[in-house]
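Engineer: what follows is a predicted protein model with its sequence.
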2 protein chains.
Amino acid sequence: MITQNQIKHVRSLHMKKFRDEHRQYIAEGPKIIGELITSKHPFVSLFARKEWIENNQALLASCGTEVIVVNEKELSRISCFTTPNQVLAVLRFPETYEISEENLKGVVLVLDQISGPGNLGTIIRTADWFGIKNIVCSESCVDMYNPKVIQASMGSFLRVEILYADIEKTLQELNGKRKIYGAYTHGTELDKIEKVKDPVIIIGSESKGISSCLEKYIHHKIVIPSRNNKVNDHAESLNASVAAALICYEFTR
Amino acid sequence: MITQNQIKHVRSLHMKKFRDEHRQYIAEGPKIIGELITSKHPFVSLFARKEWIENNQALLASCGTEVIVVNEKELSRISCFTTPNQVLAVLRFPETYEISEENLKGVVLVLDQISGPGNLGTIIRTADWFGIKNIVCSESCVDMYNPKVIQASMGSFLRVEILYADIEKTLQELNGKRKIYGAYTHGTELDKIEKVKDPVIIIGSESKGISSCLEKYIHHKIVIPSRNNKVNDHAESLNASVAAALICYEFTR
């Protein structure tokens, strides 16, 4: 049975402040929890509806954490969503590490001011698809442990290393060691730009673009070519997660 | 001044049932409304905060519709969003037309069971960017006049022709006249597949894929290659709007 203190604790993790304080976050739903159990990811705690437990005995046999049964009302109290989905886990933040050239393998995606949780989650999922292992987020990006980010990433948040950092310092550290590309509205077209091995690629926010203080570190400006010939009468820009996907696709070709 | 009847009418348009009945929908926010006025798009009615009106005199000079001033409380009553954004318009559905080979120009995107409003809106925006003029949605797709679709499309819903249809009938109509491609989890890799002029491309839902009844119309199955070499430990699929974007990018090259 879930205690009032547990309810209070899980609910506190809906807020970034308490996630940071406890260094814990929430993941929800059968798909993500199934992936977490299969990959032997440790839980702080695990709460589920009776029906889900009954239908997932084989899966749960490999789970090292005791499952606490919750009823519909209790689940809806601890869930971040208006339509809770059977199972919810509390997890610990992973250990963080220093950002250095040696710690970042292959293509590195740097995200500047990505504020939409759906966008960040989708970028994490796309990076995982294309085998990109490292994402560095500016402190102004949405929190990766925001429930909507976790949801949109569909479990990929477990497989991509995501760090929050002062990205100007990160670029200083990588300067001279890696080629740095940035997505802009003007530059060399994505399909024509010279692509190097292990690039650093910066994606800025849809509305504000890449912070101007970062421009001096960028060796190549990339533009995603619009193929709409109505020059002044088409979409002004692409969604940030779409832009990131097109760039990841081309740079991992 | 806004009347109680106007408030009631606009609020009714939050629901698909009443949008279909009145053949009217809502668009909100300075960006979209600015585009609508600039492109001389007619309004049924236009509601705005005093401050927005004062700051947009030049824009409003070219607007054929009288602006009705609303205060914060009134705007929040008629808005579809929890944080209303200064201006809201009611618009009429465009005229529909028959789907025929002659009416569909260039690349045609066919969407099957795309239920997420953010995904549909993003696909519309991406199609606009790549100069794709026609999208055919299955009746099971989310309503294109859903406020979140309008929002995510960022005004592109005005520039792309979007039709709802029985897509099996659409494919029957196009069969023999166009090459039909479908996005699958197995098939020929996107960068290797033979691309023809004016293809029809079907994108299915993330969870259910393309409806099995449509498979017999598909000439080429496309797969977006994952470049993650951890075969059994990476994202299972891409977000539908990301998959659509990668395919649109390659087919409009």
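Structural biologist: Good, I have the coordinates.

Engineer: any residues of the stretch 151-253 of chain A in contact with chain B? List them.
Structural biologist: A:152, A:154-156, A:159, A:191, A:224, A:226-230, A:233-239, A:241-242, A:245-246, A:249, A:252-253 (CB under 8 Å from any CB of the partner chain). C-beta: built from backbone N, CA, C; applies to glycine.

Engineer: now a ChimeraX select for only the buried ones of these.
Structural biologist: Command for ChimeraX that selects the buried part of these, burial taken from 16 or more other CB atoms under 10 Å in any protein chain shown:
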select /A:152,154,155,156,159,224,226,227,228,234,235,237,238,239,241,242,245,246,249,252
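
Engineer: report the contact partners of residue A:236.
Structural biologist: residue B:154 (CB atoms under 8 Å, 6 or more residues apart in numbering or on different chains).

Engineer: inside helices: which ones of the residues of the stretch 151-253 of chain A next to chain B?
Structural biologist: Mapping those onto helices (DSSP state H) picks out A:152, A:241, A:242, A:245, A:246, A:249.

Engineer: please enumerate the helices of chain A.
Structural biologist: Using DSSP H, helices in chain A cover A:4-12, A:16-22, A:30-38, A:50-55, A:57-61, A:72-78, A:117-129, A:147-153, A:167-174, A:240-251.

Engineer: for the longest one, packing partners?
Structural biologist: With contacts defined as 3 or more CB pairs under 8 Å, 6 or more residues apart in numbering or on different chains; DSSP states H and E, the secondary structure elements packing on helix A:117-129 are strand A:108-111, strand A:134-138, helix A:147-153, helix A:240-251, helix B:240-251.

Engineer: switch to 7 Å and redo it
Structural biologist: If contacts are counted by 3 or more CB pairs under 7 Å, 6 or more residues apart in numbering or on different chains; DSSP states H and E, helix A:117-129 sits against helix A:147-153, helix A:240-251.

Engineer: so which of the ones you listed gets nearest residue B:44?
Structural biologist: helix A:240-251 (31.5 Å; CB to CB).

Engineer: could I get the closest one in PDB with only the CA atoms?
Structural biologist: Taking Å, rounded to 0.1, in the frame of the first residue of the first chain, the C-alpha atoms of helix A:240-251 are listed here in PDB:
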ATOM      1  CA  ALA A 240      13.300  22.700 -33.900                       C
ATOM      2  CA  SER A 241      13.000  18.900 -33.500                       C
ATOM      3  CA  VAL A 242      12.400  18.600 -37.300                       C
ATOM      4  CA  ALA A 243      15.500  20.800 -38.000                       C
ATOM      5  CA  ALA A 244      17.600  18.700 -35.600                       C
ATOM      6  CA  ALA A 245      16.400  15.400 -37.200                       C
ATOM      7  CA  LEU A 246      17.300  16.500 -40.700                       C
ATOM      8  CA  ILE A 247      20.700  17.600 -39.600                       C
ATOM      9  CA  CYS A 248      21.300  14.300 -37.600                       C
ATOM     10  CA  TYR A 249      20.200  12.300 -40.700                       C
ATOM     11  CA  GLU A 250      22.700  14.100 -43.000                       C
ATOM     12  CA  PHE A 251      25.600  14.000 -40.500                       C
END
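
Engineer: centre of the chain to it, how far?
Structural biologist: Centroid displacement of helix A:240-251 relative to its chain, using CA atoms, centre = their mean, to the nearest Å, is 15 Å.

Engineer: average pLDDT for that helix?
Structural biologist: Mean pLDDT, computed over helix A:240-251, is 97.

Engineer: now that helix against helix A:117-129, angle please.
Structural biologist: For helix A:240-251 against helix A:117-129, the angle by axes from the mean of the first three to the mean of the last three CA atoms, to 10 degrees is 10 degrees.

Engineer: who touches helix A:240-251?
Structural biologist: A:107, A:109, A:114, A:119, A:122-123, A:126-127, A:130, A:132, A:183, A:190-191, A:195, A:199, A:201, A:203, A:205-206, A:222, A:224, B:122, B:126, B:241-242, B:245-246, B:249 (CB atoms under 7 Å, 6 or more residues apart in numbering or on different chains).

Engineer: who's the closest residue to residue A:66 other than its chain neighbours bridged to?
Structural biologist: Distances taken as CB to CB, 6 or more residues apart in numbering or on different chains put residue A:46 closest to residue A:66, at 7.4 Å, once the chain neighbours are dropped. Residue A:46 has these beta-bridge partners by DSSP bridges: residue A:67, residue A:89.

Engineer: ok, residue A:46 to residue B:18 distance?
Structural biologist: Applying CB to CB, to the nearest Å, the value for residue A:46 to residue B:18 is 43 Å.

Engineer: so which of those two has more stuff around it?
Structural biologist: Using other CB atoms under 10 Å in any protein chain shown as the criterion, residue A:46 and residue B:18 rank with residue A:46 on top: 22 against 14.

Engineer: my read: the more buried one touches residue A:89, true?
Structural biologist: Yes - counting by CB atoms under 7 Å, residue A:89 is a contact partner of residue A:46 at 4.9 Å.

Engineer: which among the contacts of helix A:240-251 count as buried?
Structural biologist: Using 16+ other CB under 10 Å, the buried ones in the contacts of helix A:240-251 are A:107, A:109, A:114, A:119, A:122-123, A:126-127, A:130, A:132, A:183, A:190, A:195, A:199, A:201, A:203, A:205-206, A:222, A:224, B:122, B:126, B:241-242, B:245-246, B:249.
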